[in-house]
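Novice: build me a structure from this.
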Amino acid sequence: MVPTFWDIPGIHSHQALEVLERSLSPICIYSDRGQTIYASQSFLELLNASTEEVGFFEYFPSGSTPLVMLDKLWKRALKGEMVEFCSKTRDDWTGIECSLQFNRDAGLMVLKAKAANSNASRQTLITEYEQAIVRLYGSTLATALINPEGVVIQCNQRLSNLLGVSGHENFHLETYIHPDDRLVDTDLRQQLLDGTIDTYTIEKRLVAKNQEVIWVNVNISLIDLPTCVDGYCKYFVALFEDITESRKIYNALIRTEEKWKAFILKSPYLFVQTSPNGQIVYASPAIEQLLGYQEEELLGRHVAELIHPNNFNEFELAFQLWINQVQPKNPGIECWWRAKSGKWISLYSQGQSFPSILEINGVVITGYNITDRKYLEAELKASQEKLQSLILNIPGAVFRCDTTYTMKYLSNGINAITGYPASSFLDNQMLSYLSIIHPDDISIITNSLIQSVLDRYRRPIEYRIIDVNGCIHWISEHKQGVFDSQGNLLWLDGVLLDISDRKRAEAKCKQTEVELHRCQAINRAMVQMIPDLIHSSCLKCISPMVSSVNETFPGY
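Specialist: Below you'll find the model as predicted:
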């Protein structure tokens, strides 16, 4: 009788069992619940783990073989099916090929493992993938071969160009997927791995290295290999169709109607759609706010009925340009529109005929209220006219100049003072204002300018100018600096008054006063001399009388 293996003498020794274990293929025996009952030494060395670490549902779950998939594989093996799958070691991610077989009699699950030698298989896989892609799709689509962990191990040049990556580098595809789109197909990908579906297509956004967002249609299918390559038996084949431009157009079209409606309904602008001959076929809700009409009150009426007679011809011309798609130099016109109350409302209006692709004839007119602006313009014009009238009646010249006395504005009153027209001084076109100031009085201008800048000095100054005929005029200048919020001088505003007559009168008065003082001095001198003259005259009169008496009355 031939003894059984376990009856061989010495087989139970420690050394013999160790030799036996090393000679066995890597093997692990589990209970029907996946608990480790036995692990061969070669199995532990292959996984580089201890017996306590190699529980089936603790060690083998990974991105490529998630726990859900392992559970399905386990259940299939429990039913008597030989199940093969690929995995990787945890420390160095070496690929391993595994097989599960359940022994019903013993109630044990046997797992056999071996290191995957996949270099040749990998090259064969890539070659077959490339040939299949070129055969089916040519070079029209970007393609990639992706392992279950999401690493692109091969891609064509179109995908490299799309993402801006090197065609020879492996990269994780998720790095280039928009963060909001990374989980959109998680369930579909799992169904593909489970064999529930054969393929799926989904839209995603890719973000290239230059941060450009690219919309793509992605078709994902699965390659199920008979042997593992790099630790995986299943690989994804992805086809990318660039739909960025069409997506932009589609999104714009999808949003246009809702946005347009929302804009029309909520906008304070008026929108009126007319037929080619000007009949109103639609008016936006703003018509009630602006003009007081309900839409129903305007339907069928000619839009020109609402236009002020003074603007009728201008509006009719603009309407013909709009309907014939002629682009005028000024796209809009300002017209007064009749409100329901009878008031006139000024609207800035523009028109545009519908594109022929829409197969809609007519014009859409937009408008917004500028009535307040028109009233302000009228008030401003009236104020300007009043100011101009005031300036014309000022006895002198009004000016605005910069810090170099370059005139930016000068009223025509300067002509009466200098004999030069105002245009001669504007921006120093013919001569500068400083050039006609008397040389001895330039320092007066300089000092007053410094005072205006530093301490905003406002006292008037007087100086002389030389007119076109060489005559001297005395000028009284009153000016005020205009400053910005930081205190910087912007310009000087002021008025120039000819005071030559006053100066001549003052000079004449001064001369008269000098003459008066001279006369007064003469009078005072004469008054002082009168007593002496009287005394002298008296002596002259008395002396002859005394002599006569002496002669008459000798000895008296």
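
Novice: break down the stretch 51-200 of the chain into its helices, ranges please.
Specialist: For the stretch 51-200 of the chain, the helices defined by DSSP state H, counting those that start in this stretch occupy 56-59, 67-78, 119-137, 157-163, 186-194.

Novice: ok, of those helices, where does mean pLDDT dip lowest?
Specialist: Among the helices of the stretch 51-200 of the chain, helix 119-137 has the lowest mean pLDDT, at a mean of 58.

Novice: so which elements touch the biggest strand by length in the chain?
Specialist: Identified as the longest strand of the chain according to DSSP state E is strand 213-229. Packing partners of strand 213-229 (3 or more CB pairs under 8 Å, 6 or more residues apart in numbering; DSSP states H and E): strand 95-103, helix 119-137, helix 186-194, strand 199-207, strand 232-242, helix 244-266. All C-beta spots, glycine's among them, are computed from the backbone N, C-alpha and C.

Novice: rerun that using 6 Å as the cut-off
Specialist: If contacts are counted by 3 or more CB pairs under 6 Å, 6 or more residues apart in numbering; DSSP states H and E, strand 213-229 sits against helix 119-137, strand 199-207, strand 232-242, helix 244-266.

Novice: okay, angle between it and helix 186-194 too, please.
Specialist: 20 degrees (axes from the mean of the first three to the mean of the last three CA atoms, to 10 degrees).

Novice: what mean pLDDT would you report for strand 213-229?
Specialist: 81.

Novice: apart from its chain neighbours, what residue comes closest to residue 442?
Specialist: residue 434 (7.2 Å; CB to CB, 6 or more residues apart in numbering).

Novice: meant to ask about residue 178
Specialist: Nearest residue to residue 178, sequence neighbours excluded (CB to CB, 6+ apart): residue 205, at 3.7 Å.

Novice: right, and the one you found touches residue 180 too?
Specialist: No: Residue 205 sits out of contact with residue 180 when judged by CB atoms under 6 Å, with a separation of 7.4 Å.

Novice: those two: who's more crowded?
Specialist: Using other CB atoms under 10 Å as the criterion, residue 205 and residue 180 rank with residue 205 on top: 18 against 9.

Novice: bridge partners for that one, pull those for me.
Specialist: residue 215 (DSSP bridges).

Novice: how close does residue 298 sit to residue 348?
Specialist: Using CB to CB, to the nearest Å, residue 298 is found at 19 Å from residue 348.

Novice: neighbour count winner among these two?
Specialist: More crowded of residue 298 and residue 348, by other CB under 10 Å: residue 298, with 21 against 16.

Novice: what sits against the more buried one?
Specialist: 280, 283 (CB atoms under 6 Å, 6 or more residues apart in numbering).

Novice: same question for whichever helix or strand residue 378 is part of, mean pLDDT?
Specialist: In the assignment (DSSP states H and E), residue 378 maps to helix 371-393. For helix 371-393, mean pLDDT rounds to 78.

Novice: that one packs against which elements?
Specialist: Partner elements for helix 371-393 (3+ CB pairs under 6 Å, 6+ apart): strand 344-353.

Novice: my guess is residue 363 contacts residue 349. True?
Specialist: No: Residue 363 is not in contact with residue 349 according to CB under 6 Å; the separation is 10.7 Å.

Novice: neighbour count winner among these two?
Specialist: More crowded of residue 363 and residue 349, by other CB under 10 Å: residue 349, with 25 against 21.

Novice: my guess is residue 500 meets residue 474, correct?
Specialist: Yes: counting by CB under 6 Å, residue 500 touches residue 474, with 4.8 Å between them.

Novice: tell me the bridge partners for the residue lying closest to residue 314 once chain neighbours are set aside.
Specialist: Excluding its sequence neighbours, the residue lying closest to residue 314 (CB to CB, 6+ apart) is residue 333, at 5.8 Å. Beta-bridge partners recorded for residue 333 (DSSP bridges): residue 349.
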